[in-house]
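**Q** whatever this is, show me its structure:
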Amino acid sequence: MLAVRNATLADRDVLRDLIARSARELSAADYRPEQVEGALQGAFGVDSQLILDGTYFVVEENGVIVGCGGWSYRKTLFGGDKRPERDAGELDPRTDPAKIRAFFVDPGHARKGIGTMLLEKCESEARLRGFSRVELMSTLPGIRLYSARGYAGVQQVKYEVSPGVAIEFLPMSKSI
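**A** This is a model prediction of the structure:
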């Protein structure tokens, strides 16, 4: 049985491992290995601020973490603790969209509704905080999930993850 709970700082090591396995295996059809490895140095990773804010969640199956994801009322759109371009300033729910952040699923549990479960939890929490829109920076493999849940994006962007290596993302958003 799957259960959602708030992530804790004690989960960080398990989350780092889950994120790395998820990125390496589930992104293989969309990104080259050097792109994934570069992204794991900052674009992908644990964001302790989300955990401290109480807006990052894990999905467990029989006590084992099999997925993670969250939302934020802060300005940073993506990236883990190692990403230097972070902005912890708070968003205004009257004018700004909340951010959907850092969704990763254990490769052995992919396509079983875990991403949808987390997305519904995050959207619900953002609505409770007064937000009427959400936005995210989708990885290429994530586009399928977000599109199926009503998110729309227009043009891919590139983000440099290491010297000479960039990764493609699709900014997406929706009203909630």
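**Q** so which residue is smack in the middle of the chain?
**A** The chain has Ala102 as the residue nearest its centroid, 1.7 Å off, counting by Cα atoms, centre = their mean.
**Q** render the CA-only coordinates of the longest strand seen in the chain in PDB, please.
**A** Assignment by DSSP state E gives strand 165-175 as the longest strand of the chain. Taking C-alpha atoms only, strand 165-175 is exported to PDB below (Å, rounded to 0.1, in the frame of the first residue of the first chain):
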ATOM      1  CA  VAL A 165      26.900  20.300 -21.400                       C
ATOM      2  CA  ALA A 166      23.300  21.600 -21.300                       C
ATOM      3  CA  ILE A 167      20.100  19.800 -20.500                       C
ATOM      4  CA  GLU A 168      16.700  20.600 -22.000                       C
ATOM      5  CA  PHE A 169      13.700  21.500 -19.800                       C
ATOM      6  CA  LEU A 170      10.100  22.600 -20.700                       C
ATOM      7  CA  PRO A 171       8.600  25.300 -18.500                       C
ATOM      8  CA  MET A 172       5.000  24.300 -17.900                       C
ATOM      9  CA  SER A 173       2.100  25.800 -15.900                       C
ATOM     10  CA  LYS A 174      -1.600  25.400 -15.200                       C
ATOM     11  CA  SER A 175      -4.400  27.000 -13.200                       C
END
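**Q** quick revisit: hang on, isn't the residue nearest to the centre of the chain packed against Trp71?
**A** No. Counting by Cβ atoms under 8 Å, Ala102 does not reach Trp71; the two are 9.6 Å apart. C-betas here are computed from N, CA, C, even on glycine.
**Q** list residues touching both of these two?
**A** Residues touching both Ala102 and Trp71 (Cβ atoms under 8 Å, 6 or more residues apart in numbering): Leu50.
**Q** do you know how far Ser175 is from Gln155?
**A** Ser175 sits 20 Å away from Gln155, going by Cβ to Cβ, to the nearest Å.
**Q** these two: who's more crowded?
**A** Ser175 (9 against 6; other Cβ atoms under 10 Å).
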